[in-house]
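Undergrad: pasting a predicted model and its sequence here:
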Amino acid sequence: MNRSPSPSNPGVGECVRPAVDRPLVVHLVTSLDFGGVESHMETLANHADGTAMRLLFCAIGSGGAVERKLTAAGAQVICLQAPVRLPAVPAIAGLYRLFRRLRPLVVHTHGAEANFCGLIAAWLARVPVRIGEEIGMPDHGRRARWTFRAVYLLADRVIGISHAVTDWLVASGEVPARKARRMYNPVTLPEFGPGRAGDDGLFRIGFVGRLEQVKNPGVLVAVLGRLREAGIPAQLWLIGDGSQRAMLQQQVAAAGLAGWVVFHGYVDDPARLVRQCDLYVQPSLSEGFGLAFVEAMGCGVPVVVTATGGAAEIVDDGVTGWIVASPEETVLTNALLRAHALGPARRASIAEKARASVETRFVPERYLCDLQSLYAQVLDDAKPADVQN
């Protein structure tokens, strides 16, 4: 592959800042409030200065916590405030006008709604490089599969954020194998800071994520009740916010667990809270990658995760954490009982191995370099044979 800068491809294949103006890459998401995709955007913004790309972050809908952080850091951010419910014709029209005005070299979309709207708009606007990225394995019916199969025809490549997601994209028929690429999300691991200050006698369980059905936080409240019935002085910390918060608070009150479940809400630095936990649990019904539990492993906290998406690609069951077969209450309860029975020293040993297993695996700089290479490959593939030779 020829990665030399040229007037039409100014340095996109280089992993350092070139002397010429950097090409514009638009990263498109549904919103910029909080969540795994939003954290991904924040990581990109924090590590892009030394690359050949100039990034702009665009949300089809609203902004929020991550929008404010990106703006404060000097990143270019646009929130269209457009409705995102498909077919989202106003969103597609707004994105088309934006792409025609900005003339980006690359439009890179993240997640189903962003893929749908952004790839159509980028194709209409004749954006040279169009990259879709699937962050999960949605339960698409026949109509949705055909719809996204047509949309992905407009993409040059479609990234799956784990082998599990990539394999699903191909097996479902939505993406041809020749277009599919696996690229793990980049992760900025928190510093390996101090853990709990003293022993308060509690067995503290942590969770970080959106309080939404797909993340399944309600099962943790039920599991907590069963642990306490078994005589374990367990406490649950829910770190994050979402539409199920009020329902969860009602569940806690009905179960008589007030004071044993702490709702921390959204916090800028969840690692400082995760470090205070004895165990991190991710009971998701669906999880394409698992950014939150990778960060927990980086904090030096042992993890229990459900066998969904890329979990088995990250956690070595019984060595760097535990994988449970399903997110059901009894299954999770039994897993947490076993983890508690191991004792602090054995859990600490597993946590050390977990930290070591992720320390150099998801380095943002390496991810950005691989991403630039992918963009350059698309451009090279689009050149006529006589130009390449």
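TA: Yes, it's here. Numbers count the residues shown, from 1 in each chain.

Undergrad: may I have stretch 84-98 as PDB, with CA atoms only?
TA: Extracted in PDB, the C-alpha atoms of stretch 84-98 (Å, rounded to 0.1, in the frame of the first residue of the first chain):
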ATOM      1  CA  VAL A  84     -33.200   9.900  15.100                       C
ATOM      2  CA  ARG A  85     -36.100   7.600  14.800                       C
ATOM      3  CA  LEU A  86     -35.800   5.700  11.500                       C
ATOM      4  CA  PRO A  87     -36.200   6.500   8.600                       C
ATOM      5  CA  ALA A  88     -35.100   9.900  10.000                       C
ATOM      6  CA  VAL A  89     -35.400  11.800   6.700                       C
ATOM      7  CA  PRO A  90     -34.800  15.200   8.400                       C
ATOM      8  CA  ALA A  91     -31.600  13.800   9.900                       C
ATOM      9  CA  ILE A  92     -30.400  12.500   6.600                       C
ATOM     10  CA  ALA A  93     -31.100  15.800   4.900                       C
ATOM     11  CA  GLY A  94     -29.300  17.700   7.600                       C
ATOM     12  CA  LEU A  95     -26.300  15.500   7.400                       C
ATOM     13  CA  TYR A  96     -26.200  15.700   3.600                       C
ATOM     14  CA  ARG A  97     -26.100  19.500   3.800                       C
ATOM     15  CA  LEU A  98     -23.400  19.300   6.500                       C
END
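
Undergrad: list the buried residues for it?
TA: Of all the residues in stretch 84-98, those buried under the rule 16 or more other C-beta atoms under 10 Å are 84, 88, 91-92, 94-96, 98. Heads up, the C-betas are built off the backbone N, CA and C, glycines and all.

Undergrad: got it, and stretch 141-150?
TA: For stretch 141-150, burial by neighbour count (16+ other C-beta under 10 Å) applies to 144, 147-148.

Undergrad: which of the residues you listed sits closest to residue 336?
TA: For the buried residues of stretch 141-150, the residue nearest residue 336 by C-beta to C-beta is residue 144; the value is 35.8 Å.

Undergrad: which residue packs closest to residue 243, ignoring adjacent ones?
TA: residue 212 (6.1 Å; C-beta to C-beta, 6 or more residues apart in numbering).

Undergrad: pLDDT value on that neighbour, please?
TA: Per-residue pLDDT puts residue 212 at 92.

Undergrad: how about the contacts made by it?
TA: Neighbour list for residue 212: 242-244 [criterion: C-beta atoms under 8 Å, 6 or more residues apart in numbering].
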